[in-house]
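**Q** sequence-free structure coming up:
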């Protein structure tokens, strides 16, 4: 709810925008989380303790499962593993990365929650353990494809996916009906633009689209989703150079710029984060938006919304190359410095099991495909479950490089220059690519 690593220009605001709202999503029963497996097994370490003793786990306060959920899961775990004691610690999302890095040399934590944009850094710097050998083959078929990417770097797994989210496409059914727009027409971005022009020409809404395009990680999430739809890629095949300044990468940014120039997108989008988008949509002032799962629940809360019952949630529209959602996930990892890696892995297996995921589906939907045919899971939120069961199998990652933060900051700044009209899409992305290449080579 994974725009994550929030670099610019005010990290605390951006981080709170995404992570705190994920917490709200859990409270309203629509936070989306992913499990790792209810199937026993997965192996144990050949070293790192004897599967007994005390382990320390570092979690985040704001997203997915509530603290009460995690404490209840932990109590259940200790009930079936009486020889392992768990001490959970909860910190704000914005403190999670640095606390994990700082504590790594001393092995302060045995289990840590990691964001989807950190495995390259944490794996290459040996902050968390490679757990590839512990992955049962069954997981790769039974878990959503997008989930499997969460802790993957250079074909190695550095954790087990636990919290999964992506941006969905939201549409206001009431405004569409007034403009005579058919829901089926929104399956593609071309159809969305045609619908937006129709709405605007009929005076139904001044700016049909609204986006979170502030110079922040939120902007990177939307650009990533569009880059995937238009067939672009972030890096060269060998990962050594930027590749987003050609083909679909340029087409995606030209699309974004066009929606502003043609006044189909609210001009406030260039200063907006996801919560700003939610407010505009919830006031009925826009018809279409990309946003994380949490928005659906809040848009149906009469205390928060004027469009209760009027919003549809669905898969992201398709471009020439498909309809991937941006991967906004997190994973549970074993700290490389842990002296008790066996017990840490046993705890991770339990928390990410399908049984535990299904039990807490009200707060976070499971990642296991088979959970989506479970009536108890479906009942938690039928529309979200239906959208998630399609979208979660098609996800696109932001660049998986160890110095992602620096690359993201350069890209955000240059993309903003295009959106604000001071550079063409090609110029902005060429300049961003040059800066990114310097970072990648350093």
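**A** Noted; the coordinates are in hand. Owing to the predicted nature of the structure, the values given are computational and were not obtained by experimental measurement. Numbers count the residues shown, from 1 in each chain.

**Q** Please, which helix or strand holds residue 114?
**A** Per DSSP states H and E: residue 114 is located in strand 111-115.

**Q** gap between that strand and the chain center?
**A** Offset of strand 111-115 from its chain centre (Cα atoms, centre = their mean, to the nearest Å): 14 Å.

**Q** Would you mark the buried spots in the helix or strand following that strand?
**A** The C-terminal neighbour of strand 111-115 among helices and strands, as given by DSSP H and E, is helix 119-124. Of the residues in helix 119-124, 119, 120, 121, 122, 123 count as buried by neighbour count, 16 or more other Cβ atoms under 10 Å. C-beta: built from backbone N, CA, C; applies to glycine.

**Q** Where do the helices of the stretch 51-200 of the chain begin and end?
**A** Using DSSP state H, counting those that start in this stretch, the helices of the stretch 51-200 of the chain run over residues 67-80, 93-103, 119-124, 137-142, 145-148, 173-179, 189-201.

**Q** Now the weakest link among those, please, by mean pLDDT.
**A** Sorting the helices of the stretch 51-200 of the chain by mean pLDDT places helix 145-148 lowest, at a mean of 83.

**Q** elements contacting it?
**A** Applying 3 or more Cβ pairs under 8 Å, 6 or more residues apart in numbering; DSSP states H and E, we find helix 145-148 packed against no helix or strand.

**Q** hmm, who's touching that helix?
**A** 34, 139-140, 161, 164, 166, 325, 327, 329, 367, 391-395 (Cβ atoms under 8 Å, 6 or more residues apart in numbering).

**Q** Now which of the residues you listed would you call buried?
**A** Burial of these was assessed by neighbour count (16+ other Cβ under 10 Å); the buried members are 34, 139, 161, 164, 166, 325, 327, 329, 367, 391-395.

**Q** With distance to residue 354 and secondary structure as new columns, can those residues be given to me in JSON lines?
**A** Putting the buried ones among the contacts of helix 145-148 into JSON lines (distance: Cβ to Cβ, whole Å; DSSP: H, G, I helix; E, B strand; the rest coil) gives the following:
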{"residue": "34", "distance to residue 354": "11", "secondary structure": "coil"}
{"residue": "139", "distance to residue 354": "10", "secondary structure": "helix"}
{"residue": "161", "distance to residue 354": "12", "secondary structure": "strand"}
{"residue": "164", "distance to residue 354": "14", "secondary structure": "coil"}
{"residue": "166", "distance to residue 354": "20", "secondary structure": "coil"}
{"residue": "325", "distance to residue 354": "22", "secondary structure": "strand"}
{"residue": "327", "distance to residue 354": "21", "secondary structure": "coil"}
{"residue": "329", "distance to residue 354": "17", "secondary structure": "coil"}
{"residue": "367", "distance to residue 354": "9", "secondary structure": "coil"}
{"residue": "391", "distance to residue 354": "20", "secondary structure": "helix"}
{"residue": "392", "distance to residue 354": "15", "secondary structure": "coil"}
{"residue": "393", "distance to residue 354": "16", "secondary structure": "coil"}
{"residue": "394", "distance to residue 354": "21", "secondary structure": "coil"}
{"residue": "395", "distance to residue 354": "20", "secondary structure": "strand"}
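
**Q** Looking at those, which one is closest to residue 345?
**A** Each of these was checked against residue 345 using Cβ to Cβ; the closest is residue 139, at 13.8 Å.

**Q** Tally up the residues packed near residue 65, please.
**A** 25 (other Cβ atoms under 10 Å).

**Q** can you check residue 171 too?
**A** Counted with other Cβ under 10 Å, residue 171 comes out at 24.

**Q** tell me the pLDDT at the spatially most central residue of the chain?
**A** Against the mean C-alpha coordinate of the chain, by Cα atoms, centre = their mean, the closest residue is residue 328 at 1.0 Å. What the model reports as pLDDT for residue 328 is 87.
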